[in-house]
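In: with the sequence up front, the predicted model follows.
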Amino acid sequence: MKKFSKFIIGCASAMSLGAPAAYAEDNELTINIVASMSGAFANFGLQAEKGARLAIEEAGEAAGMPLKMVVIDTESNAGKGARKVQADLSENGPGIYVGTTLSSTALAVGQAVHEAGGVYINGGGADELTGEKCNASMYRWSAPTYGAVNASLRPVLEAHPDIKRVYTITPQYVFGEAMLTNAKAVLEEQGIEHVGNSYHSLKDKEFSGFIAQAQAANPDLLILLNFGSQAAASMQQAVNFGLKERMKILMVWSSGLDTMQSLGAEVSNGVYFGAQYWHEEEAAGNQALVALTQEKLGEAPNYPLASYYQMTKVMIDAVNATGGADPEAIKAQLAGLTYDGITGVEMVSADNNQVEKNFYLLLGKDAASQTDENDFADVVSKGKFFLTAAEAGCEK
């Protein structure tokens, strides 16, 4: 039965695991951060690395072992990222890995880590990560595409019953296909016409042609199903075309504050944004992160920073709780674990290793309504939408 309750590391933390002799010679515990430090999603990786570093520096050590961070650059390429992690596994043995940017990378890394006997947490979106391609060693912190689409699209449709026609713009890879499939399912259920879709590649930087196609279809709602700089570019060009005055716009998988800072209030105003994280969340776990980020970096935390911080912290806390870095002990510790996270109470499902957490729907506000330089949006709703392991097809 689907879990709906109204009101989702894009990095991988890898520790040198296995037998005690496999730890570093000086007994250091290495945290390998898997992120896009170069390529199309480099900005996401740079922010993510800051979050992981904050968690590691804050802890200092885990189970008496000094922490060391090593960054594995995926180059925004699934094949390259997976090969680098496989090489690390071959050289250092099984460990704990945290994150990725692309779902395709997460799927490959998750399989490699599982086969090596390690443990891995990521922030990929594709439903398969905790569905048909789940395994006992792979965990997901972010809400999957199923949760993101349901938690953002449903409230928009409820708020605007006049929406009858919808157009989508989708990246043509595993994440985008999952987003599109889930969006179509919600639209069909609601009896709303999907009047068209434009696919683009991971290499595209110019989206005016896709925006023109959307405009020609004359929808009531434009849904952007892409991510990162591509989503921001799509949004900017949609506003340049005047689409914001002609239809509602929803960016399902935004980077929250990071996206809005890049777009500015003039573009963000009146636009809906789905977000895994929002810095104004009042939960104690988030308030602690906000204070830490302000103290150490002089800035508010955005989604990539916050997600990598939380994923890394989950793994460090598991090492402390088990008194060591044994992967099997860590998996046992994580099964069914409930903790106070940056989105409120977060729970690790023992059935498919999915962290069940809030996903946010935000509505951009104008500059005159902002109370500070980071107050770009109001929270319209937050909710948890997750498939059970059986519904998702997970047999780990």
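Out: Sure, I can see it.

In: what segments of the stretch 51-200 of the chain are helices?
Out: 78-92, 103-116, 145-159, 174-190 (DSSP state H, counting those that start in this stretch).

In: with mean pLDDT added, can I get those in CSV?
Out: Output for the helices of the stretch 51-200 of the chain, formatted as CSV (pLDDT from 0 to 100):
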stretch, mean pLDDT
helix 78-92, 92
helix 103-116, 93
helix 145-159, 98
helix 174-190, 96
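
In: now render those as JSON lines, adding distance to residue 203 and mean neighbour count.
Out: In this view, the C-beta of every residue, glycine as well, is placed from N, C-alpha and C. Converted to JSON lines, the helices of the stretch 51-200 of the chain look like this (distance: least, CB to CB, whole Å; neighbours: other CB atoms under 10 Å):
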{"stretch": "helix 78-92", "distance to residue 203": "13", "mean neighbour count": "18"}
{"stretch": "helix 103-116", "distance to residue 203": "14", "mean neighbour count": "24"}
{"stretch": "helix 145-159", "distance to residue 203": "21", "mean neighbour count": "24"}
{"stretch": "helix 174-190", "distance to residue 203": "13", "mean neighbour count": "20"}
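
In: can I get the ones you listed in CSV including distance to residue 350?
Out: Compiled in CSV, the helices of the stretch 51-200 of the chain are given as follows (distance: least, CB to CB, whole Å):
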stretch, distance to residue 350
helix 78-92, 25
helix 103-116, 17
helix 145-159, 18
helix 174-190, 23
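
In: residues of the longest helix along the chain that come out buried?
Out: As assigned by DSSP state H, the longest helix anywhere in the chain is helix 303-322. For helix 303-322, burial by neighbour count (16 or more other CB atoms under 10 Å) applies to 303-319, 321-322.

In: need the three-state assignment for residue 339.
Out: Using DSSP: H, G, I helix; E, B strand; the rest coil, the structure places residue 339 in strand.

In: ok, now which ones touch it?
Out: 285, 314, 317, 345-347 (CB atoms under 8 Å, 6 or more residues apart in numbering).

In: how close does it get to residue 313?
Out: Going from residue 339 to residue 313 by CB to CB, to the nearest Å gives 9 Å.

In: same check, this time on residue 327
Out: For residue 327, the distance to residue 313 equals 18 Å [CB to CB].

In: please name the nearest non-neighbouring residue to residue 42.
Out: Leaving aside its sequence neighbours, residue 42 sits nearest to residue 36 (CB to CB, 6 or more residues apart in numbering; 5.9 Å).

In: what about the one you found, distance to residue 340?
Out: For residue 36, the distance to residue 340 equals 29 Å [CB to CB].
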